[in-house]
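[1] below are the sequence and a predicted model for it; my questions follow.
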Amino acid sequence: MKTIFHKSETRGHADHGWLRSYHSFSFANYHDPSRMNFGMLRVLNDDVVAGGQGFGQHPHKNMEIISIPLKGDLEHKDSMGNTTVIREGDIQVMSAGTGVFHSEYNKNKEEAVIFLQIWVFPNKQNVTPRYDQIATSGIATKNALYQVLSPNKDGQGVWIHQDAWFSLGDFDADRSATYTLNKADNGVYVFVLEGSLKIGEQSLDSRDGMGIWDTNEISFATGTATKVLIMEVPMAL
């Protein structure tokens with residue numbers, strides 16, 4: 001088993017006033033050649049957007065873009081005609097494919113919205129752009145990992161054009177769980193949303209990340225009440 005560990009405070013950081021963003025991998029003005037990606041996982045941004053503010057309309061192409069709100073409401077508009085609001089407990093996916101324009105704004109004027117912006121390289125180029133979102137409340141399971149994304153159109157959660165699987169978990173203190181990889185050549189990036197956990201001898205706290213590969217499964221134990229996101233992605237670019 002091979003690993004790489006990223007403490008939360010080693011992430012890139014940008015403060016634009018209306019936006020505070022932490023970058024697990026190189027993004028915008030933050031560039032670290034040793035932290036360009038984890039396999040097909042290209043971007044993991046931890047964004048805080050002030051009330052009423054947001055990202056104006058801008059283009060994307062040939063990227064799988066996933067948004068996971070952690071607090072507040074995020075309004076999405078795109079050139080495919082979608083106007084939606086995603087909230088805590090939702091997961092959104094947009095396959096940019098041949099090209100799409102979109103905007104994301106904090107729906108609330110008085111409080112910040114916190115969300116994860118995740119980019120995954122697709123395994124197909126120039127697909128027809130598509131959009132989807134679901135509420136995870138119907139599939140969430142306390143003290144167990146539950147799948148929220150996969151490559152399968154009929155699988156649990158949303159789907160993307162890549163052999164990737166995402167799982168969320170909301171655990172009490174002193175619980176343990178094991179994640180079994182879906183594909184032998186994939187790796188897993190573990191991102192702690194809240195709380196603390198331990199993988200082997202490595203302790204992870206809130207917003208720490210750990211990449212793991214060359215293994216068929218990973219096990220962890222929580223120290224406190226913990227929320228975690230597990231992202232399984234192919235390792236070969």
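    Okay, I see it.

[2] isn't residue 222 right up against residue 175?
    Yes: using C-beta atoms under 8 Å, residue 222 makes contact with residue 175 at a distance of 5.0 Å. C-beta: built from backbone N, CA, C; applies to glycine.

[3] against residue 97, how distant is residue 80?
    10 Å (C-beta to C-beta, to the nearest Å).

[4] anything in contact with each of those two?
    Common neighbours of residue 80 and residue 97, using C-beta atoms under 8 Å, 6 or more residues apart in numbering, are 129-130.

[5] what sits against residue 229?
    Per C-beta under 8 Å, 6+ apart, neighbours of residue 229: 68, 116, 166-168, 190-191, 193.

[6] apply 6 Å and report the result again.
    By C-beta atoms under 6 Å, 6 or more residues apart in numbering, the contact set of residue 229 is 168, 191, 193.

[7] which residue is nearest the centroid of the chain?
    Residue closest to the average C-alpha location in the chain (C-alpha atoms, centre = their mean): residue 118, at 4.5 Å.

[8] once you drop chain neighbours, what's closest to that residue?
    Excluding its sequence neighbours, the residue lying closest to residue 118 (C-beta to C-beta, 6 or more residues apart in numbering) is residue 66, at 4.3 Å.

[9] so what's the one you found bridging to?
    residue 93, residue 118 (DSSP bridges).

[10] how about residue 199?
    Residue 199 has these beta-bridge partners by DSSP bridges: residue 202.

[11] now residue 21
    residue 14, residue 47.

[12] give me the neighbour count for it.
    Close neighbours of residue 21, defined as other C-beta atoms under 10 Å, add up to 19.

[13] ditto for residue 166
    If you count neighbours by other C-beta under 10 Å, residue 166 ends up with 23.

[14] swap in residue 73?
    Using other C-beta under 10 Å, the number of residues around residue 73 comes to 17.

[15] contacts only, for the residue nearest to it when sequence neighbours are not counted.
    Spatial nearest neighbour of residue 73, excluding adjacent residues (C-beta to C-beta, 6+ apart): residue 107 at 3.9 Å. Applying C-beta under 6 Å, 6+ apart, we find residue 107 in contact with 73, 75, 85.

[16] domains of the chain?
    Domain segmentation of the chain under automatic domain parsing yields 11-136, 138-234.

[17] buried stuff in stretch 170-183?
    170-171, 175, 177, 179, 181 (16 or more other C-beta atoms under 10 Å).

[18] could I get those residues as a markdown table with secondary structure?
    Formatted as a markdown table, these follow (DSSP: H, G, I helix; E, B strand; the rest coil):
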| residue | secondary structure |
| --- | --- |
| 170 | strand |
| 171 | strand |
| 175 | coil |
| 177 | strand |
| 179 | strand |
| 181 | coil |
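
[19] as a markdown table, those with distance to residue 159 and pLDDT would be great.
    Converted to a markdown table, those look like this (distance: C-beta to C-beta, whole Å; pLDDT from 0 to 100):
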| residue | distance to residue 159 | pLDDT |
| --- | --- | --- |
| 170 | 22 | 98 |
| 171 | 25 | 98 |
| 175 | 29 | 98 |
| 177 | 23 | 98 |
| 179 | 19 | 98 |
| 181 | 18 | 98 |
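
[20] which of these sits closest to residue 45?
    Proximity of these to residue 45 (C-beta to C-beta) peaks at residue 170, which lies at 21.9 Å.

[21] quick one: the closest one from residue 138, how far?
    Distance from residue 170 to residue 138, by C-beta to C-beta: 14 Å.
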